Structure formats: C-alpha cells, structure tokens
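S.K.: Task: produce atomic coordinates for the following.
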Amino acid sequence: MSVTASPTSPALLPADATAFPRGRFDPFPAFIPSGGAIEAGYDALAERIVAAIPQGLRVLALDGFHGVDWDALRDGLDRALRAQGVEAAWWPTADALATPEVIAERIAPFLGGDDPLFGTHFPLGPDVFFDAGRLGALRIEAAVARGRAAGKENLAVVYGVGAGLVELHDALWYADVPKDVLQARAREGALPNLGAAEAAPFGDFYKRAYFVEWPALNRHKRRLLPDLDLFLDAQDPARPTAMDGDAFRAALRELSESPFRPRPWFFPGPWGGKFMQGHMGLDPEQPNFAWSFELITPENGITLEAGGERLECSFDCLMFQEHRRVLGEAARQFRYEWPLRLDYLDTISGGNLSVQCHPRPDYIRRAFGEAFTQDETYYISAAQEGARVYLGLHDDADPDAFRAELERSAATGEPADFERYVHSMPAKPHDLFLIPNGTVHFSGRGNLVLEISATPYIFTFKIYDYVRRDLQGNLRPLNLDRAWDNLRFERRGQWVRENLVARPEVIRAGDGWQEERLMNRPEFFYDIHRLTFEEEVEYATEGRALAVNLVEGDEVEVVAENGRRMPLRYLESMVVPAAAGRVRFANRGEGPCRLVIVFVRPGVGAALPLNDPIE
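M.R.: Numbering: from 1, shown residues only. Okay, the predicted model is just below:
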C-alpha cells in the first residue's frame, strides 16, 4: 500500500503502508562561504605547484586521512605536473610504515582482545604506525632536497598518511575523505587498515579504525590544520577539489557563527524501514534504510560550495579550529567533541530494533576510554498504526528468569519471549521517550525515530536480536555480560511511565508562538525544548550551541545575526553555533511549524555533573 501525501503535519500512517512519496528533504546540503574559491581537478593543483616553485617550493608534504586513494592522487597529479614540465620525485610515507606485525603488537592493548565489537580509545598520534628509522631517513632526504635551489627539476613530494611528520617541507597539503566513503571501500575489501598486510572483515576493520586509527589521525589533523596551505577533498580520486588553506580556515570561522546543515548519510540494516527511502529520495535499489547519520560528528562531513564546485571536510575540522565559538560555555567540558547526536532510526514497514541497553557513565570511561556515555531519547517523527516503543522492565519481571530465557535462545537458536519481560507503550508522532543509560529499550516496528542523544553512538549492548541475521547473513553479536553489568533493573513499568515519558511544559509564550520544555532530568547533560510558531519567532543562543530539527511544517528560513539565511525543511537537522547569537525562525510553508531544539544544560561541568546518578 502507498501513502499519497508526505506527512509534514504528522498523523499515524496506515499499518500496511509500504511506499512513501518524495518529500522536500535535501540529502546533499551545502554551505556557501562569503569568500574563497574551490578549484577542481589535477590541472589546477599542478598550476598551483608550478606557481609556487619560484617562491621556493622544493618539498611538498601531501598528508591526509587513511582511506584516500593515494595511488590515484599521485598518478593524477604526476601526469598534470609532467604536462607542465615538472618531473617530481615521489616519496610515499607507506615506505616508512612499521611492519604489520609490529603495528599489531603496538596497538593490541587498545583492540579489546577477543571482543568482536569494542576496544579502548587510543591516546596518541600516528607515530605508532611508523618505523622511526625509516621516517628519519625520509626526513633526511627532505633536508637534502631543501638544500637545493628551487626549480622544476628539483621538486619532491612526500605523500601519504603522516607526510607532515617529516616536518621539513615548504608547503603542506591535506587530503580528506568522508568516512562513509572510506567505509564503503572497506566493505568491498578494497581498503585494509593503516599498515595492515591485507583487508580484514569489515567488523574488524571498523573496530581498529574507530578505536585506534581515527583518534590517532584526528590528533594529527588537528595539529596540522593551522598550517595547511591547501585542503583537498579526495573522495573522487578522478577529480579532487581543493581550497586554499587561509580561505578554508576563513570558511570554518564563518561556519562557527552561522546556522548550517552537516551532510547526512544513510545505511540499510536488518530491521530497516521504507519511509526514509521514499521521503528523502534515497537509493531505490537498496533493500531498506535503517539509519540516517544526521548529526553524528565523528562520521559526518560539512560540504562547502563555491562557483558551482563542492568540497567536503570532516565536522572535526570545524571543532578543531572553532570549538569555543561553536560550543560556547560547553567547550569547557567537551573541548573538540560536539556532544549532541541526531539520527533517524526507520522501522516503518521494517522490524524491531534489537533489545538493548547503553553503558553507565563510569563504565564507558573505564572500559572504552570514552569521555561520556550514550544517554539518548526517542522523538517519534512519524509512526504507523500500532507502533510501540519498548522501555524498561515489567513491574513483575524477574531479571534472573529474563537472562535464563535469553541464554536459552542464544544456545538453541529458538526465539525468546522478550515481551514477557520488557515493558512497552504505544507510540505516536511527537511523543518523546527518555532513555537514560542502563535502561533496557528498543523501538518496535512502525516508527521513524529521531534519536536525540549524546554523541557516542556504537556502545549498544545487544541483549536479544530475534535470532536474526544481518544483510550479509551473519548473526549479530550479543553482549549479555556487558549488559548485565550496566542494566538498571529498578527501571520498571510504573516508574518508566511516570519518569521517562515526556510531559511538555510551556515555559515561554508570545503572540503566535510558544516554547515547551520536553525534558529536564538530572540523568542527562542536555535539555530538549520544542518551539511551536505560526509565522516567525526570534531565538537567542545565550552562549549555547543548538541542534535543531523541523518535526512539523514544510520549511523554515533560519536567519542569523550575520545575515546568513538557510532553509530548514521537514525532518532536516541543523546546527546553530553559540557564536551565532540570535536567530530568527520564519515559517515559509503552510500551517504551524514545530522545531525541536537541543542544547547542553547550562552549568554542566561546573555546578552540574555530566550525569546524576553517575555510577
């Protein structure tokens, strides 16, 4: 059955609906800075090099993130340079890597042993991947090259991950690649881990990348950013785009005071639904879409556009340079980490999520090296008739019997009677369910959940997954021991209904508008408000960064103090940095608008702890 209208004023969808019309959601948003050009292609890069040689360019360090196609980048740039009469010497940093066996030994303490999913946050930079003697030899060669006169015959290019470690260079470029792109390459078996001899199964690749490689390379990127002469987007190895370093940093500065949308990305899953696929215009060849990474900053990018060309950088770049202006007061606690997460979980015409919980605050710190835990909420953006959210245990549930039932299912492959133990409630659009750490929960089929959460996003301890296989045919790992170390068994039906279901409270109102507080509980370090208005309303950041989502209405125009105007359409998410000051939300559609606004609670990290209770 098809639905004939996109529910920009949400109502319950028919339970048997399986197809949904295209809405106005833009899956490829871009920010247009007020200055700076974006160059495209290898000829432009070669021309930049040729112009810099008379000014003393002898050694170019071309650094970048793991996942860049370095062979394609070298070959394309070499062809363009030869056409300009430049025959460069190419020195790959891959030749200075330690052996795969040495790297594996060095990083083993951070990979969690036999745990298939979890490791511990790596605290150092990329030096761990290199052989000091080989890297030192490369540095000597760079010193020798810089002792010569600049000329077309004397150019050397140190290229690859860690090129900036050589230090002795005349120009520094950095090539980035979006994390969804590098993960797609890894899933295809085309991208081994950094320094590995061969490609690993994706789960092993991701664990090593998340816990070791990405933290190490992000520290390196943060150190290089102030000195970059050029920033490259290398996701299309046939036609990279680039921006002058000063112009790039100026664009980041402008972003820090302007509303903007990160680029979301989407992925199918064993429980995935069909609503996003239709409404957001996603690939119809995929079986479903389960996740939308709307605002999960470790994996989201920001797209800049100038002169019809686009360049994407990781959200981390903005935080590395402008975290104080972006976060305001909260930068004291969170530093370079954007702490608020927005994503969609689509189970409309799909299936149940796994039965799960998230770690307690000190558990996630001590076990995984994370700075804060994965407290979250479910805002129901759309729902089918009969949809439910599962939250907490039944009042009479016996935890020992529950575990025995789960272990029986895991041992025999027979389904478990989870509904005998897990409490559930009906779900409808605009409901908000609160899920503090340690609470058993999941979304049932038939919901489009806007997950509003703390940023950590992979620390889900699966308790039961219906003996269901993923899209590759594998059973997903369960985490019963970790879950039982973290579950708060006292959170049961009556307490859940009284404490974990939002009861909106009007805190401000004016002519044609009102602001409600949806959540204000000590277990969370963030608050959730909802702004309803008919025409327009001004909103002050008051030193807070805002994560915003249009949960009802066609389109809002967001106007900042600096004059920046950005559209926000139904179900789209936006960041309003603290330095934006005041913004004006203007209704550009039919009917009233509702915005969900999320921000870090004032005083967190000073007068208030991150979590209470914390244990």
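S.K.: Assign the nearest residue to residue 458 once chain neighbours are set aside to helix, strand or coil.
M.R.: Closest residue in space to residue 458, ignoring its immediate chain neighbours: residue 210 at 6.6 Å, by CB to CB, 6 or more residues apart in numbering. Placement of C-beta: from N, CA and C, glycine included. At residue 210 the chain is in helix, as set by DSSP: H, G, I helix; E, B strand; the rest coil.
S.K.: and residue 210, what pLDDT?
M.R.: Note for residue 210: predicted pLDDT of 97.
S.K.: what does residue 495 give?
M.R.: 97.
S.K.: same deal with residue 520?
M.R.: We have a pLDDT of 84 for residue 520.
S.K.: who's in contact with it?
M.R.: Counting by CB atoms under 8 Å, 6 or more residues apart in numbering, residue 520 touches 527, 601.
S.K.: got a list of what the most centrally placed residue in the chain touches?
M.R.: Nearest residue to the geometric centre of the chain (CA atoms, centre = their mean): residue 296, 2.5 Å. Residues in contact with residue 296 (CB under 8 Å, 6+ apart) are 341-343, 455, 457.
S.K.: Need phi/psi at it.
M.R.: Torsion angles at residue 296 (phi, psi; degrees, to the nearest 10) stand at phi -120, psi 90.
S.K.: Ok, residue 418 next?
M.R.: phi -70, psi -30.
S.K.: How much space separates it from residue 147?
M.R.: 71 Å (CB to CB, to the nearest Å).
S.K.: if you count what's nearby, which of those two comes out ahead?
M.R.: Neighbour count, other CB atoms under 10 Å: between residue 418 and residue 147, residue 418 has more, with 20 against 9.
S.K.: Thought residue 173 was touching residue 52, still the case?
M.R.: No. When contacts are counted by CB atoms under 8 Å, residue 52 is not listed as touching residue 173 (10.8 Å).
S.K.: Just give the number of residues close to the residue nearest to residue 458.
M.R.: When neighbours are defined as other CB under 10 Å, residue 210 has 20 of them.
S.K.: And it, how far from residue 191?
M.R.: As judged by CB to CB, residue 210 and residue 191 stand 14 Å apart.
S.K.: swap in residue 129?
M.R.: Here the criterion is CB to CB. By it, residue 129 lies 15 Å from residue 191.
S.K.: Same check on residue 310?
M.R.: Taking CB to CB, one finds residue 310 at 23 Å from residue 191.
S.K.: Also residue 11?
M.R.: Using CB to CB, residue 11 is found at 44 Å from residue 191.
S.K.: And residue 88, by the same measure?
M.R.: When residue 88 is compared with residue 191 (using CB to CB), they lie 26 Å apart.
S.K.: rewinding a little: please identify which of residue 310 and residue 191 sits among more neighbours.
M.R.: More crowded of residue 310 and residue 191, by other CB under 10 Å: residue 191, with 24 against 17.
S.K.: quick one on the thing from earlier: mind checking which of residue 52 and residue 173 has more residues around it?
M.R.: residue 173 (26 against 18).
S.K.: residues contacting that one?
M.R.: Per CB under 8 Å, 6+ apart, neighbours of residue 173: 60-63, 228-232, 242.
S.K.: What average pLDDT does the host helix or strand of residue 142 get?
M.R.: Assigned by DSSP states H and E, residue 142 belongs to helix 132-145. Averaging pLDDT along helix 132-145 gives 97.
S.K.: Now do the strands in the stretch 451-600 of the chain.
M.R.: Taking DSSP state E, counting those that start in this stretch, the strands of the stretch 451-600 of the chain run over residues 461-464, 505-510, 513-519, 526-533, 536-540, 546-552, 555-560, 565-569, 573-576, 582-587, 593-600.
S.K.: Same list, these, but as a markdown table with distance to residue 369 and mean neighbour count please.
M.R.: A markdown table is the format used below for the strands of the stretch 451-600 of the chain (distance: least, CB to CB, whole Å; neighbours: other CB atoms under 10 Å):
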| stretch | distance to residue 369 | mean neighbour count |
| --- | --- | --- |
| strand 461-464 | 17 | 24 |
| strand 505-510 | 37 | 11 |
| strand 513-519 | 28 | 19 |
| strand 526-533 | 22 | 21 |
| strand 536-540 | 36 | 17 |
| strand 546-552 | 25 | 24 |
| strand 555-560 | 36 | 21 |
| strand 565-569 | 35 | 18 |
| strand 573-576 | 26 | 25 |
| strand 582-587 | 36 | 19 |
| strand 593-600 | 21 | 24 |
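S.K.: Mind checking these for the one nearest to residue 113?
M.R.: strand 461-464 (17.0 Å; CB to CB).
S.K.: Relative to the closest one, what are the paired strands and their orientations?
M.R.: Here strand 461-464 is paired, per DSSP bridges, with strand 355-357 (antiparallel).
S.K.: which residues are in contact with the helix or strand just after the partner strand?
M.R.: Next in sequence after strand 355-357, counting helices and strands by DSSP H and E, comes helix 361-368. Residues outside helix 361-368 that contact it (CB under 8 Å, 6+ apart) are 118-121, 211, 359, 370-374, 437, 456, 459, 482, 485-486, 610-611, 614-615.
S.K.: Flag every buried residue along helix 361-368.
M.R.: Buried residues in helix 361-368, counted by 16 or more other CB atoms under 10 Å: 361, 363-365, 367-368.
S.K.: One more: stretch 211-228?
M.R.: Of all the residues in stretch 211-228, those buried under the rule 16+ other CB under 10 Å are 211-222, 224-225, 228.
S.K.: before we move on, what about stretch 293-310?
M.R.: For stretch 293-310, by 16+ other CB under 10 Å, it's 293-306, 309-310.
S.K.: Check stretch 189-206 too.
M.R.: 191-196, 199-200, 202, 205-206.
S.K.: so residue 124 touches residue 220, yeah?
M.R.: No. Applying CB under 8 Å as the test, residue 124 and residue 220 come out as separate, 10.0 Å apart.
S.K.: quick revisit: need the pLDDT of the residue nearest to the centre of the chain.
M.R.: 93.
S.K.: Next, work out how far apart it and residue 348 are.
M.R.: 21 Å.
S.K.: can you check residue 467 too?
M.R.: Applying CB to CB, the value for residue 467 to residue 348 is 23 Å.
S.K.: When those two are compared, which one has more neighbours?
M.R.: More neighbours surround residue 348 than the other of residue 467 and residue 348, with 29 against 13 (other CB under 10 Å).
S.K.: which one among the contacts of residue 173 gets closest to residue 503?
M.R.: residue 231 (47.1 Å).
S.K.: Does the closest one touch residue 241 like I think?
M.R.: No. Counting by CB under 8 Å, residue 231 does not reach residue 241; the two are 9.4 Å apart.
S.K.: Settle it for me: which of the two has more neighbours?
M.R.: residue 231 (27 against 22).
S.K.: What sits closest to the more buried one if chain neighbours are left out?
M.R.: That would be residue 248: by CB to CB, 6+ apart, it lies 4.4 Å from residue 231.
S.K.: same check, this time on residue 428
M.R.: Nearest one to residue 428, counting by CB to CB, 6+ apart, is residue 383 at 5.6 Å.
S.K.: and residue 569, bridged to which residues?
M.R.: Beta-bridge partners recorded for residue 569 (DSSP bridges): residue 555.
S.K.: Now do the same contact list for it.
M.R.: By CB under 8 Å, 6+ apart, the neighbours of residue 569 are 23-26, 550, 554-556.
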